[in-house]
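**Student:** here are the coordinates; sequence isn't available:
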């Protein structure tokens with residue numbers, strides 16, 4: 001499997017480098033090939049990851065069930081966005097822009113695919129830092145004042161957060177060195193195994209700093225403030241990857257520190273910390289989805305909501321809830337990718353991101369209109385989509401573990417967020433307008449990946465494949481659900 005892991009890392013990075021040198025159309029084609037091939041390579045890892053963790057290159061690379069879940073989310077979005085970009089970039093006359101966008105998407109995907117494969121906390125921090133650098137450049141790609149300002153704000157806040165995460169990583173090294181010796185290199189598995197023997201105070205501080213620091217990239221309250229601006233100003237393919245993959249990849253880093261903290265401190269403190277961050281994030285997002293004027297900002301606040309759901313789900317700690325969290329990572333990636341790709345079609349068709357200017361969407365966009373409505377339904381946890389199944393499992397796990405208050409708060413706030421999303425979608429799609437654009441889709445390439453995402457959402461909600469169910473079960477056990 002070493003060859004597969006190395007190919008997953010090398011392919012998108014090589015594609016990114018090649019795209020800078022190729023004509024624009026070839027760069028788009030290379031991106032599509034790299035995205036689809038990367039997804040295929042990730043899929044080959046699933047049965048091996050479900051069978052048990054394995055590492056290579058002296059432990060620098062490591063794959064287990066938890067990391068495979070996040071690889072699947074990123075791999076699927078990478079492939080979907082690569083196909084979507086064919087239509088999105090078709091009308092662009094600035095060929096330098098097209099090459100930069102393709103190169104950036106490939107390198108961004110490379111960093112997010114590399115992060116879950118890292119075998120040590122130090123390498124994981126570096127990979128997350130690389131995602132910041134690349135994604136900040138992509139946010140500013142349109143070169144407008146608003147885009148540059150959003151990118152600058154993102155860099156300042158994310159860098160501050162990652163500075164805290166680096167301090168947490170140093171404290172984790174200190175704690176590990178007390179037991180494993182000065183030669184300890186921050187490898188993840190030895191640190192988790194040594195959890196019961198680690199000193200409690202540095203582990204507690206490391207977990208707090210990591211949650212706050214990496215939580216900046218996740219978009220947890222109160223360090224989420226960069227997220228609405230960056231998501232709204234980035235090119236649509238980048239927005240989809242930011243929301244569906246980057247936030248989840250950063251949450252993966254928190255989960256690794258969570259595993260160490262649970263082994264050392266027990267479940268009380270880590271779960272209480274995640275519950276506090278999760279409830280605050282969900283409350284903020286549920287309220288802020290009302291009254292948004294910019295469509296992509298609305299979806300950005302929805303991302304904050306779903307990251308809060310992940311944090312709350314982990315705080316419940318029950319096996320069913322943790323399995324729901326793992327499923328939610330996948331379902332949210334597909335649903336939010338669909339929503340942003342649909343939003344991109346609307347912004348191209350109506351030539352604006354203002355929700356008030358978008359009316360009669362079902363009549364104007366025969367495919368993207370209904371698909372966007374279904375994406376909103378999926379994000380709102382309506383059946384038969386995967387988000388409904390994952391949130392149902394999280395709530396069921398919370399109730400089964402006696403976390404009645406947390407489960408009730410989750411249900412109430414998710415319902416409030418649904419009302420906000422549904423109100424906006426109704427205005428955009430069903431409200432008639434006097435003057436609307438001509439009926440028709442900007443490009444079939446912008447519809448195909450959304451149809452694929454819809455199929456994935458239905459599959460996850462109705463009957464996930466046996467191999468995926470096994471992977472999710474093993475991931476929940478690795479996070480502590482088997483205890």
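**Tutor:** Noted; the coordinates are in hand. The structure presented is a predicted model; accordingly, all values stated were derived computationally and were not measured.
**Student:** list the neighbouring strands of the helix or strand of the chain with the lowest mean pLDDT plus their orientation.
**Tutor:** When each helix and strand of the chain is scored by mean pLDDT, DSSP states H and E, strand 54-56 comes last, with a mean of 79. Paired with strand 54-56 in the same sheet, following DSSP bridges, are strand 61-63 (antiparallel).
**Student:** what helices or strands is whichever helix or strand comes after the partner strand leaning on?
**Tutor:** Next helix or strand after strand 61-63 toward the C-terminus (DSSP states H and E): helix 65-88. Helices and strands touching helix 65-88, by 3 or more C-beta pairs under 8 Å, 6 or more residues apart in numbering; DSSP states H and E, are helix 24-51, helix 95-114, helix 236-241, helix 247-265, helix 319-350, helix 448-462, helix 466-476. Heads up, the C-betas are built off the backbone N, CA and C, glycines and all.
**Student:** rounded mean pLDDT for the second one, please.
**Tutor:** This means helix 95-114. The predicted model gives helix 95-114 an average pLDDT of 96.
**Student:** over to the fifth one?
**Tutor:** Helix 319-350 shows a mean pLDDT of 96.
**Student:** I'd like the next helix or strand past that helix.
**Tutor:** By DSSP H and E, the next helix or strand past helix 319-350 is helix 361-364.
**Student:** how big is the angle separating the helix or strand following that following helix from helix 448-462?
**Tutor:** Later in the chain than helix 361-364, the nearest helix or strand by DSSP H and E is helix 368-379. Per axes from the mean of the first three to the mean of the last three C-alpha atoms, to 10 degrees, the angle that helix 368-379 makes with helix 448-462 is 30 degrees.
**Student:** what is the one helix or strand residue 427 maps to packed up against?
**Tutor:** Taking DSSP H and E as the definition, residue 427 sits inside helix 404-430. Applying 3+ C-beta pairs under 8 Å, 6+ apart, one finds that helix 404-430 contacts helix 268-288, helix 295-316, helix 361-364, helix 368-379, helix 386-400.
**Student:** need the longest helix for the protein.
**Tutor:** Longest helix in the chain by number of residues, with DSSP state H as the criterion: helix 145-180.
**Student:** in that helix, what's buried?
**Tutor:** Buried residues in helix 145-180, counted by 16 or more other C-beta atoms under 10 Å: 147, 150-151, 153-155, 157-158, 161-162, 164-166, 168-177, 179-180.
**Student:** and it, how far out from the chain's middle?
**Tutor:** Distance of helix 145-180 from the chain centroid (C-alpha atoms, centre = their mean, to the nearest Å) equals 18 Å.
**Student:** cool, stretch 173-184 as well?
**Tutor:** Per C-alpha atoms, centre = their mean, the centroid offset for stretch 173-184 relative to its chain is 32 Å.
**Student:** how big is the angle separating the longest helix of the chain from helix 247-265?
**Tutor:** 20 degrees.
**Student:** now helix 145-180: mean pLDDT?
**Tutor:** Here the average pLDDT along helix 145-180 is 95.
**Student:** just stretch 359-374 next, same as before
**Tutor:** Stretch 359-374 shows an average pLDDT of 93 in the prediction.
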